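Student: sharing a model that was predicted from the sequence below.
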Amino acid sequence: AQSVTQPDIHITVSEGASLELRCNYSYGATPYLFWYVQSPGQGLQLLLKYFSGDTLVQGIKGFEAEFKRSQSSFNLRKPSVHWSDAAEYFCAVDFGNEKLTFGTGTRLTIIP
Amino acid sequence: DSGVTQTPKHLITATGQRVTLRCSPRSGDLSVYWYQQSLDQGLQFLIQYYNGEERAKGNILERFSAQQFPDLHSELNLSSLELGDSALYFCASSPISGANVLTFGAGSRLTVL
């Protein structure tokens, strides 16, 4: 079955520390992959996407993600987080069925 | 401002009632998607329209219906409301149907009492 898994419900990091949010999917082929961010009371904003080509993709706000086919993963990274990065992060996958399937989200808390 | 407009932002109503949520897509976008976000279910895809036609259907209850009008705005109708329908309802739009980037609105928060 097609599924998207974000194993970490909540992550806390110190400001200035590095960040990695995990995302795995279950699918027989390579899907289209996305990361979205939702700030409190806001809609979802696209951070980055992967369709094909270079497996390391750069996004907005200093985020990057790496697609690893062998691990069916698309992990989101940032070298140094800022207090403004506190939000909920969603991995989303297009399995070729006219919609995006979202993971359950990872809530990121930043401590000073 | 994402360019996707949703109204109303907040809505409080009683069980058994009917409400309509409205979405105006970003200029030039032909596809509209509806998602429901709740604490227990996460972000669930409801339905998608492309240029007025239904293209994909997700876990949308029979009490819910939607349509996309010739001017491309969309409405999501929720009837016989139950407490469990309380959620944030998002509309998103995209230029085409299929694999592409969705632009989300700020959502309509529905509270059923």
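Tutor: Yep, that arrived.

Student: just checking stretch A:76-92 against chain B, any contact.
Tutor: Yes. Contact of stretch A:76-92 with chain B (Cβ under 8 Å from any Cβ of the partner chain) involves A:Phe90. All C-beta atoms are positioned from the backbone trio N, CA, C, and that covers glycine.

Student: buried residues in that stretch?
Tutor: Across stretch A:76-92, burial judged by 16 or more other Cβ atoms under 10 Å in any protein chain shown covers A:76, A:78, A:81, A:85-92.

Student: before we move on, what about stretch A:42-51?
Tutor: So, applying 16+ other Cβ under 10 Å, buried residues of stretch A:42-51: A:43-50.

Student: and stretch B:41-58, by the same measure?
Tutor: Within stretch B:41-58, the residues scored as buried using 16+ other Cβ under 10 Å are B:42-50, B:55-56, B:58.

Student: quick one: which of those residues sit in strands?
Tutor: Counted as lying in strands by DSSP state E, out of these, are B:42-50, B:55-56.

Student: so which pair among those is furthest apart in space?
Tutor: Largest separation among those by Cβ to Cβ: B:Gly42 and B:Tyr50, giving 24.4 Å.

Student: stretch A:37-44 - what's its average pLDDT?
Tutor: In this model, stretch A:37-44 has an average pLDDT of 89.

Student: next, give phi and psi for A:Phe51.
Tutor: As for A:Phe51, its main-chain torsions (degrees, to the nearest 10) stand at phi -110, psi -50.

Student: who does the closest residue to it other than its chain neighbours form a beta bridge with?
Tutor: Leaving aside its sequence neighbours, A:Phe51 sits nearest to A:Tyr32 (Cβ to Cβ, 6 or more residues apart in numbering or on different chains; 5.3 Å). Beta-bridge pairing for A:Tyr32 (DSSP bridges): A:Asp94.
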